[in-house]
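Visitor: compute the structure for the input listed below.
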Amino acid sequence: MKRVYTVIVLLIACSFMLSSCGPPEQPAATLEITSATPILTNTPIPSDNATPLPTDTPTAVPTDTPTIVPTDTPLPTNTPTITPTPGPFSFNDDFTTNSGDWEDCELCSWENEALLMGPFLPSSNFHKNYCTGCGVRTYYEVSVDGTFIDGQVDRFFGVFVGDAKGKQYYFGISPWQFYIIGQHTDEGDSWEVLDFQWSGTVNGSYATNHFKITIKPAYQPNTADYLFSLNDSIVYIIYGIPVGPSKVGLGMDWHAVTVSYDNWQYVEIEP
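Guide: Residues are numbered from 1 along each chain as shown. Take a look at the predicted model:
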């Protein structure tokens, strides 16, 4: 019994000692972190730009579809006739028959679909055959094929054009492969040779040669550039000649020569 009493007394004494000591203190650093650190959660912070909730879109009330009243179909009208715009004048002659478009052709004949000129008598030095079907114009291009048939081979044949001062420009060749470009003045019936030389551009002997003279507007008003071409090669140019309406035609120098012409073409050049 005395031992039990002694144990009880000891337990009571120990309890008083524990209560006076108090609970154990926590570390200061742990207390400061706990008091300063906010509590984090997964809930987002609301903002002023929050997306508004969708609202119901009002359904448009259907309207009545208007009834289309058919109208009377108009009666068809007559389609107007289209009048073509006048273009530059042109004149072609293949010399199959006598077209009547050549002014002075008393020594002409139409054979093998070509025009034969000559031989002329020794009455004059130069023989002109004007193209009346071409008319009189200021700017144009003229071309023709010429072939030596018979006669003296030192004579020339070709084509001529005019200008505004009573002059003509003659472009001729001979079977010896010479070409000549001459200027003829009506007043005084005089000639001036502008260019005369032998050239491989000329097809010699009985071969056909293609002549072309182009009178086109130059830089200055009322003037023209004259281009002389043989077999598609330009052999001579005269620049800035005063120009006016003129005639064109075939020309043969001297006499005792027969020449065949074919494929005449004349085209006006509009300034």
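Visitor: mind listing what the host helix or strand of residue 169 pairs with, with the direction of each?
Guide: Using DSSP states H and E, residue 169 falls within strand 167-173. Using DSSP bridges, the strands paired with strand 167-173 in its sheet are strand 157-162 (antiparallel), strand 178-185 (antiparallel).
Visitor: just the strands in the stretch 101-250 of the chain please.
Guide: All strands of the stretch 101-250 of the chain, identified by DSSP state E, counting those that start in this stretch, fall at 108-111, 114-117, 126-130, 140-151, 157-162, 167-173, 178-185, 190-198, 208-217, 223-230, 233-242, 248-253.
Visitor: looking at the strands paired with strand 167-173, which is buried most?
Guide: Comparing the strands paired with strand 167-173 by mean neighbour count (mean count of other C-beta atoms under 10 Å), strand 157-162 ranks first with a mean of 24. Using the backbone N, CA and C atoms, a C-beta is placed for each residue, glycine as well.
Visitor: what does it rub up against?
Guide: Contact with strand 157-162 is made by 117, 128, 142, 144, 146, 148, 168-174, 184, 211, 213, 215, 226, 246-253, 257, 259, as judged by C-beta atoms under 8 Å, 6 or more residues apart in numbering.
Visitor: count the neighbours of the closest residue to residue 151 other than its chain neighbours for me.
Guide: Nearest residue to residue 151, sequence neighbours excluded (C-beta to C-beta, 6 or more residues apart in numbering): residue 257, at 3.7 Å. Look at residue 257: counted by other C-beta atoms under 10 Å, it has 24 neighbours.
Visitor: ok, residue 257 touching residue 116?
Guide: No: Residue 257 lies out of contact with residue 116 (C-beta atoms under 8 Å); the separation is 11.0 Å.
Visitor: so which bits of stretch 221-231 are buried?
Guide: Residues of stretch 221-231 classed as buried by neighbour count (16 or more other C-beta atoms under 10 Å): 224, 225, 226, 227, 228, 229, 230, 231.
Visitor: quick one, what contacts the closest residue to residue 159 other than its chain neighbours?
Guide: Excluding the flanking residues, the one nearest residue 159 by C-beta to C-beta, 6+ apart is residue 211, at 4.9 Å. Contact analysis of residue 211 by C-beta under 8 Å, 6+ apart lists 143, 144, 145, 146, 158, 159, 171, 173, 229, 230.
Visitor: from one end of stretch 131-148 to the other, what's the distance?
Guide: Separation of the first and last residues of stretch 131-148 by C-alpha to C-alpha, to the nearest Å is 21 Å.
Visitor: give the buried residues for that stretch.
Guide: 131-132, 134, 137-148.
Visitor: and stretch 118-127, by the same measure?
Guide: 118, 119, 120, 126, 127.
Visitor: nearest to residue 237, of these?
Guide: Distance to residue 237 across those (C-beta to C-beta) is lowest for residue 126, with 23.2 Å.
Visitor: would you agree that closest one is in contact with residue 252?
Guide: Yes: with contacts counted by C-beta under 8 Å, residue 126 reaches residue 252, the gap being 7.5 Å.
Visitor: and the buried residues of stretch 131-148, which two are the farthest apart?
Guide: Among these, the pair separated by the greatest distance (C-beta to C-beta) is 138 and 148, which sit 32.3 Å apart.
Visitor: bridging residues for residue 213?
Guide: Beta-bridge partners of residue 213, as defined by DSSP bridges: residue 142, residue 228.
Visitor: list the contacts for it?
Guide: Residue 213 makes contact with 141, 142, 143, 159, 161, 169, 171, 226, 227, 228, 229, 248, according to C-beta under 8 Å, 6+ apart.
Visitor: go with 10 Å
Guide: Listed by C-beta atoms under 10 Å, 6 or more residues apart in numbering, the contact partners of residue 213 are 140-144, 158-161, 169-171, 181, 226-229, 236, 248.
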